[in-house]
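J.: Sequence first, predicted model second:
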Amino acid sequence: MIVVELGRADADAAIALWEAAGLTRPWNPPRADFDRAVAGPASAVLGIRDGGALVATAMVGEDGHRGWLYYLAVDPARRREGLGRALVAAAEAWIAARGGVKAQLMVRGDNADAAAFYERLGYDVQDTVVLGRRLDG
C-alpha cells in the first residue's frame, strides 16, 4: 500500500469517494475543501490507489502544534483491508514531520462505527466542546 499526496486532478475521484462513504453535507462544499487542502502549505489530501482507481483518502492539516484528520474515506467495497489504518498512520506521520505533537479529529455523534474504528487505533474521546460558526454566509 503506497500513500501519496493527491493533486487537483484527483478532486473528482476523491469527492466521489467521499460521497460514497457518506461524508459530504450540502452546506459544506467538498470541492472547496479539497481545493483549499491541496493548495495550502499546511494541509494535504492523502490517497491510496489500486491500479488507477482511488480507493481511500484522508485530508490532513496542521496548525504548528496539532494536526487534524478529515475526510477519511475508504471505498465501501474495500473496507476491512487495512486501508483506513494505513491512511491514519500516514496522516500521523505527515503531522509529526511538520512538528505536530497531537492528532485530532471529529466524528459525527451518530457515527458509532467511525468512533469505534478510531478507538481501536488508540484515539479517545477528549474532554472538549467544539464550537463553530460559518463564515461564508
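T.: Cool, got the structure.
J.: give me the number of residues near Ile15?
T.: Look at Ile15: counted by other Cβ atoms under 10 Å, it has 20 neighbours. For glycine as for every other residue, the C-beta is placed from the backbone atoms N, C-alpha and C.
J.: residues in contact with the closest residue to it other than its chain neighbours?
T.: In this structure, Ile15 finds its nearest non-sequential neighbour in Pro30, 4.8 Å apart by Cβ to Cβ, 6 or more residues apart in numbering. Listed by Cβ atoms under 8 Å, 6 or more residues apart in numbering, the contact partners of Pro30 are Ile15, Trp18, Glu19, Leu23, Thr24, Tyr71.
J.: Please report how far Pro30 lies from Arg80.
T.: Here the distance between Pro30 and Arg80 works out to 25 Å (Cβ to Cβ, to the nearest Å).
J.: Equivalent analysis for Gly47, please.
T.: The separation that Gly47 has from Arg80, given Cβ to Cβ, amounts to 19 Å.
J.: Between these two, point out the one with more neighbours.
T.: Under the neighbour definition other Cβ under 10 Å, Gly47 and Arg80 were set side by side, and Gly47 has more, 25 against 7.
J.: what's the model's confidence in the helix or strand hosting the more buried one, averaged?
T.: Under the assignment given by DSSP states H and E, the secondary-structure element containing Gly47 is strand 43-50. For strand 43-50, mean pLDDT rounds to 96.
J.: Render the CA-only coordinates of the following helix or strand past that strand in CSV, please.
T.: Scanning forward in sequence from strand 43-50 by DSSP H and E, the next helix or strand is strand 53-62. Only the C-alpha atoms of strand 53-62 are listed here, as CSV (Å, rounded to 0.1, in the frame of the first residue of the first chain):
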residue,chain,number,x,y,z
ALA,A,53,-8.6,3.8,-9.1
LEU,A,54,-8.6,5.9,-5.9
VAL,A,55,-9.7,3.6,-3.1
ALA,A,56,-9.1,5.6,0.0
THR,A,57,-8.4,9.2,1.1
ALA,A,58,-7.6,11.3,4.2
MET,A,59,-7.4,15.1,4.4
VAL,A,60,-4.8,16.3,6.9
GLY,A,61,-3.8,19.7,8.2
GLU,A,62,-1.7,21.2,11.0
